[in-house]
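**Student:** would you be able to build a 3D model of this:
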Amino acid sequence: VGMTPNTDIFKKLDIEMDEKGYIKTDRTQKTSIDGIYAVGDIASDLQLVVIAVAQGATVANNAYIELKKPYWRSAGSQAEESH
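**Tutor:** Numbers count the residues shown, from 1 in each chain. Prediction:
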């Protein structure tokens with residue numbers, strides 16, 4: 001009895017999952033692969049629309065923050081700031 005997340009397609013990506021098959025995420029919904037987020041029924045056993053919507057809003061906000069970062073910051077010490 002219960003729901004089983006349909007995450008088989010993600011196994012090829014080697015995304016970290018828990019023992020129940022849900023994709024593991026941090027508090028910002030990031031997965032073990034940089035740039036990939038998971039929300040809703042594949043990321044939580046709390047299968048409620050309100051949870052999925054809240055997780056989606058979290059991802060949208062954090063993706064926006066990541067996209068606003070200047071490119072040179074993510075390039076590491078090899079890059080120099082241009083003026």
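
**Student:** longest helix of the chain?
**Tutor:** Ordering each helix of the chain by length in residues (DSSP state H) puts helix 49-68 first.

**Student:** thought residue 6 was touching residue 42?
**Tutor:** Yes - counting by CB atoms under 8 Å, residue 6 does reach residue 42; the two are 7.2 Å apart. Backbone N, C-alpha and C define where each C-beta goes, glycine included.

**Student:** more neighbours, those two?
**Tutor:** Taking other CB atoms under 10 Å, residue 6 and residue 42 do not tie; residue 42 has more neighbours (20 against 10).

**Student:** now the more buried one, what are its backbone angles?
**Tutor:** With angles defined as degrees, to the nearest 10, residue 42 sits at phi -90, psi -10.

**Student:** does it touch residue 23 like I think?
**Tutor:** Yes - using CB under 8 Å, residue 42 makes contact with residue 23 at a distance of 5.3 Å.
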